[in-house]
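Asker: 3D model of this:
(4 chains)
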There are 4 protein chains.
Amino acid sequence: SSGPAAASGALERAMDELLRRAVPPTPVYELREKTPAPAEGQCADFVSFYSGLAEVAERAELLGRLARGFGVDHGQVAEQSASVLQLRQQQREAAVLLQAEDRLRYALVPRYRGLFHHISKLDGGVRFLVRLRADLLEAQALRLVEGPDVREMNGVLKGMLSEWFSSGFLNLERVTWHSSCEVLQKVSESEAVHPVKSWMDMKRRVGPYRRCYFFSHCSTPGEPLIVLHVALTSDITSNIQAIVKECPPSETEEKNKIAAAIFYSISLAQQGLQGVELGTFLVKRVIKELQKDFPHLGTFSSLSPIPGFTKWLLGLLNSQMKELGRNELFTDSECKELSELTGGPANETLKAFLGSHEWVKSEKLVRALQAPLMRLCAWYLYGEKHRGYALNPVANFHLQNGAVMWRINWMADTSLKGLSGSCGLMVNYRYFLDETGPNSTAYLGSKSIKASEQVLNLVAQFQKNSKL
Amino acid sequence: SSGPAAASGALERAMDELLRRAVPPTPVYELREKTPAPAEGQCADFVSFYSGLAEVAERAELLGRLARGFGVDHGQVAEQSASVLQLRQQQREAAVLLQAEDRLRYALVPRYRGLFHHISKLDGGVRFLVRLRADLLEAQALRLVEGPDVREMNGVLKGMLSEWFSSGFLNLERVTWHSSCEVLQKVSESEAVHPVKSWMDMKRRVGPYRRCYFFSHCSTPGEPLIVLHVALTSDITSNIQAIVKECPPSETEEKNKIAAAIFYSISLAQQGLQGVELGTFLVKRVIKELQKDFPHLGTFSSLSPIPGFTKWLLGLLNSQMKELGRNELFTDSECKELSELTGGPANETLKAFLGSHEWVKSEKLVRALQAPLMRLCAWYLYGEKHRGYALNPVANFHLQNGAVMWRINWMADTSLKGLSGSCGLMVNYRYFLDETGPNSTAYLGSKSIKASEQVLNLVAQFQKNSKL
Amino acid sequence: SSGPAAASGALERAMDELLRRAVPPTPVYELREKTPAPAEGQCADFVSFYSGLAEVAERAELLGRLARGFGVDHGQVAEQSASVLQLRQQQREAAVLLQAEDRLRYALVPRYRGLFHHISKLDGGVRFLVRLRADLLEAQALRLVEGPDVREMNGVLKGMLSEWFSSGFLNLERVTWHSSCEVLQKVSESEAVHPVKSWMDMKRRVGPYRRCYFFSHCSTPGEPLIVLHVALTSDITSNIQAIVKECPPSETEEKNKIAAAIFYSISLAQQGLQGVELGTFLVKRVIKELQKDFPHLGTFSSLSPIPGFTKWLLGLLNSQMKELGRNELFTDSECKELSELTGGPANETLKAFLGSHEWVKSEKLVRALQAPLMRLCAWYLYGEKHRGYALNPVANFHLQNGAVMWRINWMADTSLKGLSGSCGLMVNYRYFLDETGPNSTAYLGSKSIKASEQVLNLVAQFQKNSKL
Amino acid sequence: SSGPAAASGALERAMDELLRRAVPPTPVYELREKTPAPAEGQCADFVSFYSGLAEVAERAELLGRLARGFGVDHGQVAEQSASVLQLRQQQREAAVLLQAEDRLRYALVPRYRGLFHHISKLDGGVRFLVRLRADLLEAQALRLVEGPDVREMNGVLKGMLSEWFSSGFLNLERVTWHSSCEVLQKVSESEAVHPVKSWMDMKRRVGPYRRCYFFSHCSTPGEPLIVLHVALTSDITSNIQAIVKECPPSETEEKNKIAAAIFYSISLAQQGLQGVELGTFLVKRVIKELQKDFPHLGTFSSLSPIPGFTKWLLGLLNSQMKELGRNELFTDSECKELSELTGGPANETLKAFLGSHEWVKSEKLVRALQAPLMRLCAWYLYGEKHRGYALNPVANFHLQNGAVMWRINWMADTSLKGLSGSCGLMVNYRYFLDETGPNSTAYLGSKSIKASEQVLNLVAQFQKNSKL
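Answerer: Next up, the predicted model:
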């Protein structure tokens, strides 16, 4: 009757005990500014207990208990709500109503917010909360913890982090080969889009014709929160290997060879800051910085991956096969050509090929697939939506920033990762600086996507030749 | 029919026009995270309009209009309150109730908070808001603007500033003669307690046997928010001139001569941060810093002014004279001695003397006044209250921090300022590091003041010899 | 029989004892690279003994003994010289001759050079040697120590300092109000030309439309060796009060108002570095720096004092009176006008007036004196020579740098110092950047002074109207 | 008739032309301080011409021409020598003699010194001269250039560099993972003793229980001149792999585990500074630094390679075989045992084995070789001399510094490099801080080596058992 369950029971009791001790009680409204801060040890206890939990499941358990047991006092909220309604009916003077509203506002603050607030004042406390939220997000993704209380706590944390990591407190730092190894190691490890292979690879990404910037919080300089890589080129690059593999033309930059800035990678280095508006600010700040250094620089564009495209396409092929017994994404002649080239039924071939990226080795297949994959990709980016906004997260990010969906590029990322994720396709989102404001408003407000003629043509071809 | 009034009408119309344009509308709840930030220019407009108002009265007018016209939508609050109450009665599932509470919380956010939020993201925006709040406090003090809406806006601003100026984001900086002139000029100008007379005076205050620290925000290093001056001495100093006038014993500090740290001045350098908990943190941090540098340092105490004592005493004398026709603060024999020494009626003499500080020139008067003024001062500090807490703001500050009211010092500040403000008296609040936590809790909770035997004896003498 | 003389005898014996102990013996040629450095204490002894001598006369005595007692071994020099001559006659192979020359070179190194060399390696050693040379120069000026050995030691020290303070090791630092108080105090104290009156005066000299630069040695950043003050103006300033007294036009510089850079003060901050080529390099470096910051800046000029002019003039008046019984510097009509204006004999009046600078109060006198003083000053600057070069040291400095003697300015420095030193006259030495090289070569080589038409005209007037 | 020779002739003419133009003439003695510096371009010409020579042979050619053609004017030297001798015979006053000596000193300065002097004042000039000397040393080693003039020029350059890189101008910098990648790459590339394999290897060498320091010149901070690696251990390490391969005990240093500092690598990073006394100073400075950080640290020792030992041993074996037909380094019984173990004649086996380091794979051979190789190594280090000093350069370095030859370690470096160079042997030179001064003097003066009992015993065994 003993064993893991008992051990687990002991852990749970320890958790409850800890929370009882560590979460400061909410002072009554009248004393809210006259209550001394809890002893430092009290909050530090929580930090060290939590940090001692090695398993994400244990951490999830503790966070779940915190969310469920130390949230808002609903009785208080109801009482104060009633009081506000009553005063309003009585048409009492403004001062009285305002105070009642303030009491209501106070009642709506969950008790765990006090814990987070006091932790934030400890040495390294804010950093701890960022990691805690990263754990919480991971635990939610793994469904280790669920429910509305947990979602609310996540929202409260995000709100607090958004205040602390507000753009006024972010420093833009440039990474060069003169930066510390510590920083370069962090930048290298956080690179999520085009993984860094070696120190010489990293040296190139911070060398001539390249820029690497990150935001740090002013209280922790040198700690990357989010990183942006830029290539300085003569025109809008259509191929990522040209940026991350090839050597730049020379050791010393010649300013007159630089006409375009290509954002080719943006990576969040602290997962706990998901949803905190950092990327948009970083892109804007870097554009300003580049304009200062290169006053004649006029072209700004991303060269972006299209994560999810292959998966979406394979999903569609599967479901069409299951439902219709055939694929209506490719035209008959396209299917025929593919059959001829591969000697098998187009659908099966396609599925096999898209999974294995063997097709890139055949020039003929590459040529045969270009037209259909380009128009399918255009549709995936332009036409597929989630709550009205672009389904693809990278597209959604740049469109929110006010960029234009500018060019879809064939054979743009021929690395294994690029072929698996998006059939080697990449896309440029272009920033016309005068129009990002209106574009952003239009996209966020009326959900309309601004796209170039190339993209719109491909979408039209899709609508003519493919059926969903 | 034209003239100032018309001009004023035009200004008011311009204000309304500005506010309409600059204060961003509150997005509906569903779109609260999908709303693009207002154009930078929109908030910058407010900043430049406001900064262009030269008169404090004009600024007060604008702030009043902002507070009154762009606060909480009371109808929304009532509606959401009703909704919460209804859901609670229906015993709906947690998720529904939590969301209703979140909507209510959202409705309770005043609209001007959005303006402040966006301003905070501008370059120099937070600094602007600190100055704006300083203006608001000044305008309230001058009664240029009043009312519950304004008080609420002040509270909202204070809350926002408290998040941004949280201790996790404050840097402790030490000022020395190697600091920049910019910093020393700011420190010198913000010295409110013992004004700095010259650069050589300032050089001494950052020289050997002296420490000067300030907090800056991590986003604006080198900008003092609050400044603390410390003297390193052999024992608890009872006289301020020994610190700010006399030359220190030698050019190089001898560590073994240092046994006590005397906090002899703490000044807020940014008035807009009143009420934001900075002083308490600064004292704590400096104590830690000093302990690190001087591991054997065991004695920490303030040497504090007693602003308001003379004024309080003169007020009492006046009212007793008016009400009773005589003064019951001094004993008969004290009055007699004073009359003999001055050749006039004790009361009149006293009032005249306390106003003119001529008395310090007479050794006999100084001796005669010592006993009564010491016990009156002890009572003023220990017995006079405001809402249960010490009336004297300096006492209240140190008692909140957990210090002990330790020693009242006669002839401790013989400068004009010291004689006018507090009859030359000063007081040491002593920090026994092991006890500050409990002391603070006891004071804030049960309002009980911890005092030394000297102080309690003086209070007892007051109670025996003086009548209020 | 005791007393000062005996004490002095004791001091002298202590000096001899110290030198015997502290000055390292010169190793024999063969072991010159195999000899361990003397114990640190040995050289440190000299430093602390020397630093303990409070009187400049005592220091002079010690330096004299060092110079006379520890110089070159003349016997060795003679021996090696003879050896070189003999080998040359024998027409021995190159290697043998070269080695003999190297031995001779080695013999020519004075023994005290080893002491200085080892001191230079101590912490703060180079700084000590700079101060030691300052003492030596002062002692020579006061004739406390004399003779060829001392002159030689001074030359050796200057040579060593010139290697260490070579331009490759000098950092240009700009002083602003953000520089440390330490630096600003040093800059302020070393200002020899136009004394700084207060901190606000100093703030103005590092504020808008002003630049202040200094050279520091790379091993002691923040320590000014030589300081240069520049005013950024619209044209070549003719009056120093316009620079050091008047407030600049506005708080923020407008680049388009800046067309000229006026070097209005250059001061050596370390007297021990006299004769080490610092000033010329500083002017050149600052010009480069300014050209970088203000690419369109085209006019560079000094506004320089004329130290010694009044003294030279009074000396001439005196000697002409003594020798000729009259003054031939002023024309008869000039003398007559002066007599009429002052009601006394011109010569006496002149001497009295030039001594007392009362004359500036009379507009008529100012007008009457302008023509003769201008031409006399032109001659003093252009015609008076020392070993063929300009007698006036400031003129000599700028002419060596390749500047042109460009404009003599009347009523240019009406401060007491300016009137006493140079009858209120100042001069602009203008730097035409394309011509400074040839000008410098011409001046240093053929001793010819490049001057503007204004100056040459004044010189011609002098030659016509005055007689020496 | 054309081709390489003609091309070479053209290059040589270009060299002569360049030198004529670029090397400034020596001013006559009287004008030595009145001669303007040559135009910047003149010296810069030399720098760019030289830098344009890609081949070391071409550079050697140019340097040879400079040394031979622009040295001392021997006629001048003879003339001034004669003058000095004559004045001395005439018993002229001191001033006259001193001036004659000064003229002689001036005549002894080679003309190319002026070129180097002016180059040193250019931006990056000193760095250029360091590289130039590195080329010169390489060219001498390759015998591309020879002769007394070249040796003299090398000496002059070394003398100049010694003044500029004097210890007063060197900054000690510590390398950590927070140092710039630039610095770590340089440190890594200059590691000559135990090559760095990867960035993680490098990270360990600057991590816990390790220290890495370098000297930089104060004019070029961040540029390593010479690098020293230290391991902080509990006792004197006898095996290098324990330092460079194994992971340190934990991530955070525990001060009480640190009792010894082991200098395990010292590498010159700038070959042009050979012979400039840097290593000795670096060791001294680092010892001081470590004593400051770890006041109880009492043991300082190197763990040093023995380059040349295997080569010396193989040479001896060869020559004994050739001369005597047998080897007298090993005893008969040792030879017998080796024969038995390897099944062949001891000598041949030995030569083969020492060349191939196969022997370490056999435990028996390792045991058999220990005694003879240890005593042979002791003799190599202690008994083999060059001009009376230790032949082995590493031994000579540490003995000059005053260290004691303390312990020879068997199987101390089992890397390929260690086995090839010194049969896996390493040696500790121990620094007893109180005795380094006397030890150094004794070694440099009387050439006596201080060694431990272990070493002396091994030497005695050698003298008993081996014959040279």
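
Asker: does the host helix or strand of residue A:45 come close to chain D?
Answerer: Following DSSP states H and E, one finds residue A:45 within helix A:40-52. No: interface with chain D: helix A:40-52 contributes nothing (CB under 8 Å from any CB of the partner chain), its closest point being 15.3 Å away. C-beta: built from backbone N, CA, C; applies to glycine.

Asker: for the helix or strand just after that helix, which positions count as buried?
Answerer: Counting by DSSP H and E, the next helix or strand C-terminal to helix A:40-52 is helix A:56-69. For helix A:56-69, a neighbour-count test (16 or more other CB atoms under 10 Å in any protein chain shown) marks A:58, A:59, A:60, A:61, A:62, A:63, A:64, A:65, A:66, A:67 as buried.

Asker: now swap in stretch A:257-273 and tell me
Answerer: Neighbour-count burial for stretch A:257-273, counted by 16+ other CB under 10 Å, picks out A:258, A:260-270, A:272-273.

Asker: Which one of these is nearest to chain C?
Answerer: Chain C lies nearest to residue A:258 out of the buried residues of stretch A:257-273, by CB to the nearest CB, at 21.0 Å.

Asker: Would you mind giving the secondary structure of the residue lying closest to the closest one once chain neighbours are set aside?
Answerer: The spatial neighbour of residue A:258 that comes closest, neighbours along the chain excluded (CB to CB, 6 or more residues apart in numbering or on different chains), is residue A:232 at 4.5 Å. Secondary structure, DSSP: H, G, I helix; E, B strand; the rest coil: residue A:232 is strand.

Asker: Show the pLDDT at residue A:232.
Answerer: We have a pLDDT of 95 for residue A:232.

Asker: Am I right that it is in contact with residue A:255?
Answerer: No: the pair residue A:232 and residue A:255 does not pass the contact test of CB atoms under 8 Å, sitting 9.3 Å apart.

Asker: Quick check on these two: which one has the bigger neighbour count.
Answerer: residue A:232 (21 against 11; other CB atoms under 10 Å in any protein chain shown).

Asker: quick one: residue A:261 is in a strand?
Answerer: Yes: Residue A:261: assigned to a strand according to three-state DSSP.

Asker: Number of residues surrounding residue A:298?
Answerer: 12.

Asker: Please list all residues in contact with it.
Answerer: A:259, A:260 (CB atoms under 8 Å, 6 or more residues apart in numbering or on different chains).

Asker: Could you check how far it is from chain B?
Answerer: In this view, residue A:298 and chain B are 21 Å apart by CB to the nearest CB, to the nearest Å.

Asker: need the contact list for the residue nearest to residue A:258.
Answerer: A:209, A:210, A:211, A:253, A:258, A:260, A:261, A:262, A:294, A:297.

Asker: Same question for residue A:214.
Answerer: A:172, A:173, A:175, A:187, A:224, A:225, A:226, A:227, A:228, A:269, A:282.

Asker: Surely residue A:421 forms part of a strand?
Answerer: No: using three-state DSSP, the assignment for residue A:421 is helix, not a strand.

Asker: Chain neighbours aside, what residue packs nearest to it?
Answerer: Nearest residue to residue A:421 in three dimensions, chain neighbours excluded: residue A:307, at 5.4 Å (CB to CB, 6+ apart).

Asker: show me what contacts the one you found?
Answerer: A:392, A:393, A:394, A:421, A:422.

Asker: Closest to residue B:156 out of the residues you listed?
Answerer: residue A:393 (34.7 Å; CB to CB).

Asker: Tell me how many other residues surround residue A:184.
Answerer: Number of residues near residue A:184 (other CB under 10 Å) recorded here: 25.

Asker: which other helices and strands contact the one helix or strand it maps to?
Answerer: Per DSSP H and E, residue A:184 falls inside helix A:181-190. Packing partners of helix A:181-190 (3 or more CB pairs under 8 Å, 6 or more residues apart in numbering or on different chains; DSSP states H and E): helix A:199-205, helix D:181-190.

Asker: How far off centre is stretch A:62-78?
Answerer: Taking CA atoms, centre = their mean, to the nearest Å, the mean C-alpha location of stretch A:62-78 is offset from the chain mean by 29 Å.

Asker: And the contacts of it?
Answerer: So stretch A:62-78 is contacted by A:12, A:15-16, A:18-19, A:23, A:26, A:49-50, A:53, A:104, A:107-112, A:115, A:132, A:135-136, A:139, A:145, A:147, A:149-150, A:152-153, B:84-85, B:88, B:97-98, B:101, B:104 (CB under 8 Å, 6+ apart).
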